[in-house]
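Novice: structure for the following, please:
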Amino acid sequence: MKIVIVGGVAGGATAAARIRRLDEKAEIVVFERSGYISYANCGLPYYIGDVITDPEELTLQTPESFFSRFRIDMKIHHEVIDIHPEQKTVSVKNLESGEEFEETYDKLILSPGAKPARPRLPGVGIEKLFTLRTVEDTFRIKEYINQNHPKSVILAGGGFIGLELAENLRELGMDVTIVQRPKQLMNPFDADMASFIHNEMRRHGVTLTLGRTVEGFEERDGGIDVLLKDEKPLHADMVVLAIGVVPDTYLAEKAGLELGIKGSIVVNDRMETSVPDIYAAGDAVQVKHYVTGQDVLISLAGPANKQGRIIADNICGGDSRYSGSQGSSVIKVFDMTAAVTGINETNARKAGFNTDTVILSPMSHAGYYPGGKLMTMKIVFEKETYRLLGAQIVGYEGADKRIDVLAAAIHAGLTAIQLKDLDLAYAPPYSSAKDPVNMAGFMIDNISKGILKQWHLDDTTALPRDGSAVLLDVRTTAEYNRGHIEGFRNIPVDELRERLNELEEKKPVYVICQSGLRSYIAARILEGNGYEAYNFSGGFRFYDAVMNDRCLIAKAAACGMDQH
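Specialist: Residues are numbered from 1 along each chain as shown. Predicted coordinates for the structure are as follows:
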């Protein structure tokens, strides 16, 4: 059996190695148009920032090492330019010699990946405008920085690549500005959780220019202008386009394969395309979202590797199935870690789910053990069924561990209530006896039993301020004086029982504290004394961070300013 693979890196290289492990006699040929067949794509920004200093560290395998171990013919600088499904051949061009030839196959695997989205805007071809997707892109950017020593850079786009580049270029001492049309960075997160990411970026000197539309680029004064709609241009020494990627499916389209979202390749759960004996994996394919069941594009290394393995199994006589992508991901944002899995609240509502959330701010480990830091967790679940839909965590140490637990819980079909039952490891340097994931489960269990009733950030403007309800802040007087929501009176929780006579009877009470714990205790005291009490989800710390961020964005938009 002869297998031809178009594209190395995650999906293609994984499929090739797995096929060899399952079939020692198979003939396997991989065509890769770049000079690298297996490289650490996610490490590219860290090479630019000198975190990784040896370029060879980016290369996981070379054609020579792959052949030595697996006897797989890895042909770099070879581009497949046509697929002929009827003849089971592909047309290949040697990019070094210009020679073209035909290669036969029994099975064909497409792993072309994705390419940077390049908007059709004036000036896109300017020399000082870069994209980052391949090792070659990385070397071009690094070489330009080393030779020209730019002092400023504008990043068009605030996704994973944009944020990782922002951090690494800032660490090199450059002035960094992120500009994009959406009013928040990192769309996998809800806007409220993205506020913490925004604050961390600003804290490290990154300028955020959000809610602005880029209309083109022009060279000026030895640098480059980024032209904005209805505003004066931004100027920097260089620009990197990081507005996302699109599937690289030109070949598949020419071959008549069925295409889906943004021209992606449609596959079934065996990773088979619409044409017999042709499989596809990685960033170029359309998959089902594990939570919603909807067709999606998810460009992550983990799914690509799994898909390559599944293809190999099926080619070698197995019956492996891809259950869908969950979008689990994590990113380092300077000192902070931001992680997400499943779907956020915004997308859950768009998908038709009747959602609720809990927001909590636990410590990364036992409070009495030195060095613990706060994290902010948001758990999204379905109201009626308590089905776990997604989670977001922004914090420091331990955030990645908790998101992985929550990702596993979603995949296993646990309800949000069952999070309380997970038996998780505990020692003071690593966690608390009641782990943050357990705490989320306890809160949701209380909601299911009517013990906890909540009000949320979006309810703030609709709170009854006509005297028909009591608005109560139960923090200490000092905390209250440092900042509070207008209209809330202050009675510290430890004085509440003795001062109940200050509250109007038979009126609902909306309670807030710093993190949500003291206000929950206050709500239980109130409920025990005949009041109907609602606890604010997230606490004043959460409210203050989100509202300050919104204020900065709104003020900047109104005044045409940047957000520092």
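
Novice: just for this structure, where's the confidence low?
Specialist: Under the criterion pLDDT under 70, the flagged ranges of the chain are 38-40, 59-60, 558-564.

Novice: where do the helices of it begin and end?
Specialist: Ranges of helices within the chain are 9-22, 44-48, 63-70, 135-148, 160-171, 191-203, 250-254, 301-315, 345-350, 399-412, 436-448, 477-482, 517-528, 539-559, based on DSSP state H.

Novice: who are the packing partners of the fourth one?
Specialist: With contacts defined as 3 or more CB pairs under 8 Å, 6 or more residues apart in numbering; DSSP states H and E, helix 135-148 has these neighbours: helix 44-48, strand 129-131, strand 238-241. Heads up, the C-betas are built off the backbone N, CA and C, glycines and all.

Novice: so which of those has the densest surroundings on average?
Specialist: Ranked by mean neighbour count under mean count of other CB atoms under 10 Å, the helices and strands packed on helix 135-148 are led by strand 238-241, which reaches a mean of 25.

Novice: what residues does it touch?
Specialist: Strand 238-241 is touched from outside by 116-119, 124, 126, 128-132, 141, 144-145, 148, 150, 152-157, 162, 165, 217, 223-224, 226, with contacts defined as CB atoms under 8 Å, 6 or more residues apart in numbering.

Novice: now the residue sitting furthest away from the middle of the chain: how far from Arg524?
Specialist: Residue farthest from the centre of the chain, counting by CA atoms, centre = their mean, is Asn501 at 48.8 Å. Summarising the geometry, the distance separating Asn501 from Arg524, computed by CB to CB, to the nearest Å, is 19 Å.

Novice: ranges for the strands of the stretch 151-300 of the chain?
Specialist: In the stretch 151-300 of the chain, the strands defined using DSSP state E, counting those that start in this stretch lie at 152-156, 175-180, 207-210, 214-220, 223-228, 231-236, 238-241, 245-247, 265-266, 278-280, 285-288, 295-296.

Novice: tell me which of these sits most buried.
Specialist: Each of those was scored by mean neighbour count; the highest is strand 278-280, a mean of 27, by mean count of other CB under 10 Å.

Novice: how much space between Ile52 and Pro45?
Specialist: Taking CB to CB as the criterion, Ile52 is separated from Pro45 by 9 Å.

Novice: Val206 too?
Specialist: 14 Å.

Novice: got it, and Gly35?
Specialist: Counting by CB to CB, the separation of Gly35 from Pro45 is 20 Å.

Novice: for Asp23, give me its contacts.
Specialist: Residues near Asp23 by CB under 8 Å, 6+ apart: Met1, Cys316.

Novice: nope, Tyr426 is what I meant
Specialist: Counting by CB under 8 Å, 6+ apart, Tyr426 touches Ser432, Ala433, Asp435.

Novice: do the same with Phe189
Specialist: If you count contacts by CB under 8 Å, 6+ apart, Phe189 has them with Ile197, Ala338, Val340, Asn344, Gln392, Val394.

Novice: again, but for Leu155
Specialist: Contacts of Leu155 were listed using CB under 8 Å, 6+ apart, and they are Gly162, Leu165, Ala166, Leu169, Val176, Thr177, Ile178, Val179, Val239, Val240, Ala242.

Novice: need the max-distance pair from those.
Specialist: In terms of CB to CB, the contacts of Leu155 reach their longest pairwise distance at Leu169 and Val179, which sit 14.3 Å apart.

Novice: Ser195: what's it in contact with?
Specialist: Ala545, Val546, Asn548, Asp549, Arg550.

Novice: go again with 6 Å.
Specialist: The neighbourhood of Ser195, defined by CB atoms under 6 Å, 6 or more residues apart in numbering, consists of Ala545, Val546, Asp549.

Novice: neighbours of the residue nearest to it when sequence neighbours are not counted, how many?
Specialist: On the basis of CB to CB, 6 or more residues apart in numbering, the spatially nearest residue to Ser195 that is not a chain neighbour turns out to be Asp549, at 3.7 Å. Look at Asp549: counted by other CB atoms under 10 Å, it has 24 neighbours.

Novice: same question for the one 5 residues further on.
Specialist: By the other CB under 10 Å criterion, the neighbourhood of Ala554 contains 13 residues.

Novice: and Tyr369, by the same measure?
Specialist: For Tyr369, the number of neighbouring residues by other CB under 10 Å comes to 15.

Novice: list the buried residues of stretch 315-334.
Specialist: Buried positions in stretch 315-334, judged by neighbour count with 16 or more other CB atoms under 10 Å: 315-316, 320, 322, 324-329, 331, 333-334.

Novice: for stretch 489-505, that is, sorry about that
Specialist: Ile491, Pro492, Val493, Leu496, Leu503.

Novice: was I right about the second one contacting Ala478?
Specialist: No - under the criterion of CB atoms under 6 Å, Pro492 makes no contact with Ala478, lying 9.7 Å away.

Novice: what about the closest residue to Leu300 other than its chain neighbours, distance to Val340?
Specialist: The shortest distance from Leu300 to any non-neighbouring residue, by CB to CB, 6+ apart, is to Ser329 (6.1 Å). When CB to CB is applied, the distance between Ser329 and Val340 equals 6 Å.

Novice: try Gly244
Specialist: Distance, Gly244 to Val340, by CB to CB: 16 Å.

Novice: so which of the two has more stuff around it?
Specialist: When neighbours are counted by other CB under 10 Å, Val340 comes out ahead of the other of Gly244 and Val340, with 27 against 17.

Novice: show me where the stretch 351-500 of the chain has its strands.
Specialist: For the stretch 351-500 of the chain, strands defined by DSSP E, counting those that start in this stretch occupy the ranges 355-360, 376-382, 388-395, 454-455, 470-473, 489-490.

Novice: in its sheet, what does the first one sit against?
Specialist: Here the strand partners of strand 355-360, with direction, are listed using DSSP bridges: strand 376-382 (antiparallel).

Novice: just the fourth one next, same as before
Specialist: Here the strand partners of strand 454-455, with direction, are listed using DSSP bridges: strand 533-536 (parallel).

Novice: which ones are touching the closest residue to Asp295 other than its chain neighbours?
Specialist: Setting aside the residues directly before and after it, Asp295 is nearest to Gln286 in space (CB to CB, 6+ apart), at 5.3 Å. The contact partners of Gln286, taken as CB under 6 Å, 6+ apart, are Gly260, Ile261, Ser264, Val266, Asp295.

Novice: spatially nearest residue to the first one (excluding sequence neighbours)?
Specialist: Once its chain neighbours are removed from consideration, Gly260 has its nearest residue in Gln286; the separation is 3.8 Å (CB to CB, 6+ apart).

Novice: which residues pair with the one you found across the strands?
Specialist: On the basis of DSSP bridges, Gln286 is bridged to Val266.

Novice: distance check, it against Phe353.
Specialist: 22 Å.

Novice: just Ala252 next, same as before
Specialist: In this structure, Ala252 and Phe353 are separated by 33 Å, where distance is defined by CB to CB.

Novice: who has more neighbours, these two?
Specialist: Ala252 (27 against 22).

Novice: for the residue lying closest to that one once chain neighbours are set aside, what are its contacts?
Specialist: In space, Ala252 comes closest to Ile265 once its chain neighbours are excluded; the distance is 5.0 Å by CB to CB, 6+ apart. For Ile265, the contacting residues are Thr249, Ala252, Leu257, Thr273, Ala280, Ala284, Val285, taking CB under 6 Å, 6+ apart as the criterion.
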